[in-house]
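**Student:** structure of the sequence below:
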Amino acid sequence: MAGGLAVKCRRAGWGVQFLTATDGGAGHHEMTPRSLVARRRVEARRAAARIGATTATLGEPDGGLYVTRRTTDIMIAAIRRYRPDVVVAHRTCDYHRDHRMAAQLVLDASYLLKVPLAVPRMRPLDRVPVILYASDFFTEGPAFRAHWVHDIGREHALVVRMMLDHVSQFREWIPWVEGERGVGRRHPADEKTIAAWLTGRARSVARRWGTRSMRAAEAFQVSEYGARATARDLARLLPQ
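**Tutor:** Coordinates of the predicted model:
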């Protein structure tokens, strides 16, 4: 949902880190949690390496992420460690509970990022970063508001390639859980079919919030919990 932005940021010389809250250990129908966690880690590194990005994880159990004092402190520490200018997160009305909890952790951490006595072992930030919600089409909750939309036509093929590096997720687990019972490690879903599905989402974003000239796009909403930024501010801050 923000892969195109990640590609542009790396091209512009920015550092990019993909931070996962959970270990991915529940997301398969054939593998053990332990072996799946190791596999997911390798896949994430492979995808990130395509653009020279890094990966990190909070390591919480897949399907078992909760907002607690402990996990909030872990999120604060993770963000402080990387010291980003911009954080991209899910919205708190996302369909997946882990996504919702991860989004809430980012919001709960936001103000505390610059509070010295919160997680004192990590140096506080001087300012709260811009927090962007990645676009979604959910209606159970406030409708997504597209504050900034950018064309990822040039970047989209690389984004799809990075997504396909997550073989266990996109070619095995998601097709199976969506009803394709013959799919698995020995018989992963057809790569072209999954690529077309991923392309369809980027096109849907372009049609919903982009301009006529956009064939693939990403859209973001600015969270009021982070640094305030207008569309003009984002156009100056983020690579085009």
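**Student:** pretty sure Leu19 sits in a strand.
**Tutor:** Yes: assignment of Leu19 by DSSP: H, G, I helix; E, B strand; the rest coil places it within a strand.
**Student:** that one and Pro175, how far apart?
**Tutor:** Distance of Leu19 to Pro175, given as CB to CB, to the nearest Å: 26 Å. (Each C-beta comes from the backbone N, C-alpha and C, glycine too.)
**Student:** swap in Asp126?
**Tutor:** Separation of Asp126 from Pro175 (CB to CB) stands at 45 Å.
**Student:** and these two? Which one has more around it.
**Tutor:** Pro175 (21 against 8; other CB atoms under 10 Å).
**Student:** that one reaches Gly184, doesn't it?
**Tutor:** No: between Pro175 and Gly184 there is no contact under CB atoms under 8 Å: 9.3 Å.
**Student:** can you show me the strands along the chain?
**Tutor:** 17-22, 54-60, 86-89, 130-134, 148-151, 217-222 (DSSP state E).
**Student:** which one of these lies nearest to Leu164?
**Tutor:** Across the strands of the chain, Leu164 has its closest neighbour in strand 17-22 (15.3 Å, CB to CB).
**Student:** got the strands of the chain as CSV, with mean pLDDT, mean neighbour count and distance to Thr71 columns?
**Tutor:** As requested, the strands of the chain are exported to CSV (pLDDT from 0 to 100; neighbours: other CB atoms under 10 Å; distance: least, CB to CB, whole Å):
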stretch, mean pLDDT, mean neighbour count, distance to Thr71
strand 17-22, 98, 20, 8
strand 54-60, 97, 16, 7
strand 86-89, 98, 22, 14
strand 130-134, 98, 23, 17
strand 148-151, 96, 19, 29
strand 217-222, 98, 24, 24
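**Student:** now these in a markdown table, with distance to Gly210?
**Tutor:** Formatted as a markdown table, these follow (distance: least, CB to CB, whole Å):
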| stretch | distance to Gly210 |
| --- | --- |
| strand 17-22 | 24 |
| strand 54-60 | 29 |
| strand 86-89 | 18 |
| strand 130-134 | 15 |
| strand 148-151 | 5 |
| strand 217-222 | 4 |
